[in-house]
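Colleague: sequence first, then the predicted structure:
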Amino acid sequence: MTRKTSIELLPLAADAIGPRSDADLLLYELIMEGLNSGEGTEYALVDKFATEFHARLRNRKR
């Protein structure tokens with residue numbers, strides 16, 4: 001398996017922005033859900049954030 005360069009990972013055309021596969025679409029939906037989920041929370045430790053983040057992913061409804 002060859003590694004793709006950063007140029008190969010860019011869209012083929014300037015107007016070709018958006019999800020190109022089911023995996024891209026799922027990632028886009030997760031990011032948008034997070035951005036639109038309301039006010040953020042500040043965490044003193046990364047471990048506390050990670051614990052809550054994983055719990056939210058497990059309990060997420062689709």
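Modeller: It's in. What you see is a predicted model, and the numbers here were worked out from it, not measured in a lab. Numbering: from 1, shown residues only.
Colleague: low pLDDT regions in this structure?
Modeller: 1-16, 62 (pLDDT under 70).
Colleague: what are the boundaries of the helices in it?
Modeller: Taking DSSP state H, the helices of the chain run over residues 6-9, 22-35, 46-59.
Colleague: is it possible to get a markdown table of those that adds mean neighbour count?
Modeller: The C-beta positions use only the backbone N, C-alpha and C, and glycine is treated the same way. Converted to a markdown table, those look like this (neighbours: other CB atoms under 10 Å):
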| stretch | mean neighbour count |
| --- | --- |
| helix 6-9 | 7 |
| helix 22-35 | 11 |
| helix 46-59 | 10 |
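Colleague: contact partners for E33?
Modeller: With contact set as CB atoms under 8 Å, 6 or more residues apart in numbering, E33 has no partners.
Colleague: distance of it relative to K61?
Modeller: 11 Å (CB to CB, to the nearest Å).
Colleague: repeat for A44
Modeller: 29 Å.
Colleague: so for the two, which sits in the more crowded spot?
Modeller: Neighbours were counted for A44 and for K61 using other CB atoms under 10 Å; A44 has more, 7 against 3.
Colleague: for the more buried one, grab phi and psi.
Modeller: phi -70, psi -30 (degrees, to the nearest 10).
Colleague: from L27, how far out is it?
Modeller: Counting by CB to CB - A44 and L27 are separated by 28 Å.
Colleague: for A50, same thing?
Modeller: 19 Å.
Colleague: with T51 instead?
Modeller: 22 Å.
Colleague: now swap in R60 and tell me
Modeller: 14 Å.
Colleague: now do G34
Modeller: The value you get for G34 to L27, if CB to CB is used, is 11 Å.
Colleague: same thing with G18?
Modeller: With CB to CB as the criterion, G18 and L27 are 12 Å apart.
Colleague: cool, and G38?
Modeller: Distance from G38 to L27, by CB to CB: 20 Å.
Colleague: noted, bye for now.
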